[in-house]
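Asks: Requesting a structural model of the entry that follows:
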Amino acid sequence: MGAATYTRRRSDFPDFIQTDVDIDALADEIFLRYAGEQKVVVDGTPYTATYFLRGYCPDLRVMKLAGELALRVNRRAALGDMGLKALRITVRDIMLAALLHDLGKQHEDCAPFLDLLKNRDLRSHEQKLLEIVRDVHCRKGPCMIDRLKDAGREELSNPFISTVARRHGEDYQTNRNGQLGCWWAREINLITIADDYDAMVSEGPERAYKPENFTPRDAVKLLRTGVEHGRYETRLAEIFISDVLGLGSSVAG
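Replies: As a prediction, this is how the structure comes out:
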């Protein structure tokens, strides 16, 4: 599907809004396509690069969480749940965007900052450095996606993919409002919720942002606080907590 096929609206195809998807199988399919050595084009010159390892991969976890949330939203929308609208992006593209959302960390401009974070306790005094890494990798993410797209990955022509890479770190209200707002604010926020939750509960050193003895229920409390502060869209956070995590029926609880 080429770039000209994509428009800024939901597709008219009847199977666009999917409510029955094997998320694990789809995640494995997408991951195997992008894991290991990849062809890329940098300034017109072809190279090869390795972006994802088949062992430990936080982005794979985020992709599965985002896929589950997308599926649950579409299912509820199909049942007419309190006027909830189906997503404007396919479950597959949401999952692909979730896998590639942090690809900018692989850019050469990010390497010096990531080296500074190695072997440091990210829970203590590294907030400013983390903010720099986030800023750099969100700006460089679309560049990394273009390198794959220029090497023949036509599915990356969907502008949603690079928009997520650039804007997933922003609050929902920031992406939704004002002159710099984004038409896909809701779909982007879906991935932000999955990414933030995984970062809060992860045991991996590169995502260990949480305090000691932090539990999934503690993470849910922070998601609810994030709703109050405009970081997360209320219904998305509610469905994530109740349907994906099974940890409660309301963001206000």
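Asks: all strands for this structure, in order.
Replies: Secondary structure of the chain, counting by DSSP state E: strands at 37-42, 45-50.
Asks: Find the one among these with the highest mean neighbour count.
Replies: Highest mean neighbour count of these: strand 37-42, a mean of 15 (counted as mean count of other C-beta atoms under 10 Å). Just so you know, the C-beta spots here come from the backbone N, C-alpha and C atoms, and that holds for glycine as well.
Asks: Can you lay out the strands of the chain as JSON lines showing mean pLDDT and distance to Met200?
Replies: Output for the strands of the chain, formatted as JSON lines (pLDDT from 0 to 100; distance: least, C-beta to C-beta, whole Å):
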{"stretch": "strand 37-42", "mean pLDDT": "94", "distance to Met200": "29"}
{"stretch": "strand 45-50", "mean pLDDT": "94", "distance to Met200": "28"}
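Asks: nearest to Lys85, of those strands?
Replies: Closest of the strands of the chain to Lys85 is strand 37-42, at 34.9 Å (criterion: C-beta to C-beta).
Asks: What strands flank the closest one, and is each parallel or antiparallel?
Replies: Taking DSSP bridges as the criterion, strand 37-42 forms sheet pairs with strand 45-50 (antiparallel).
Asks: outside of the partner strand, which residues touch it?
Replies: Contact with strand 45-50 is made by 36-41, 106, 147, 151, as judged by C-beta atoms under 8 Å, 6 or more residues apart in numbering.
Asks: quick check, nearest of those residues to Thr174?
Replies: Gln106 (25.0 Å).
Asks: these two touch, right, that closest one and Phe52?
Replies: No - with contact defined as C-beta atoms under 8 Å, Gln106 does not reach Phe52; the gap is 9.3 Å.
Asks: how about Ala66, what does it touch?
Replies: When contacts are taken as C-beta under 8 Å, 6+ apart, Ala66 is in contact with 94-95, 97-98, 190-191, 194-195.
Asks: can I get these in JSON lines with pLDDT, neighbour count and distance to Phe31?
Replies: As requested, these are exported to JSON lines (pLDDT from 0 to 100; neighbours: other C-beta atoms under 10 Å; distance: C-beta to C-beta, whole Å):
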{"residue": "Ile94", "pLDDT": "97", "neighbour count": "28", "distance to Phe31": "14"}
{"residue": "Met95", "pLDDT": "98", "neighbour count": "29", "distance to Phe31": "9"}
{"residue": "Ala97", "pLDDT": "98", "neighbour count": "27", "distance to Phe31": "13"}
{"residue": "Ala98", "pLDDT": "98", "neighbour count": "31", "distance to Phe31": "11"}
{"residue": "Leu190", "pLDDT": "98", "neighbour count": "31", "distance to Phe31": "19"}
{"residue": "Ile191", "pLDDT": "98", "neighbour count": "27", "distance to Phe31": "16"}
{"residue": "Ala194", "pLDDT": "97", "neighbour count": "28", "distance to Phe31": "15"}
{"residue": "Asp195", "pLDDT": "94", "neighbour count": "24", "distance to Phe31": "16"}
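Asks: quick one on the thing from earlier: any chance of the strands of the chain in a markdown table, with distance to Leu180 too?
Replies: Shown next, in a markdown table, are the strands of the chain (distance: least, C-beta to C-beta, whole Å):
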| stretch | distance to Leu180 |
| --- | --- |
| strand 37-42 | 29 |
| strand 45-50 | 31 |
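Asks: Quick one, which of those strands gets closest to Leu71.
Replies: strand 37-42 (27.2 Å).
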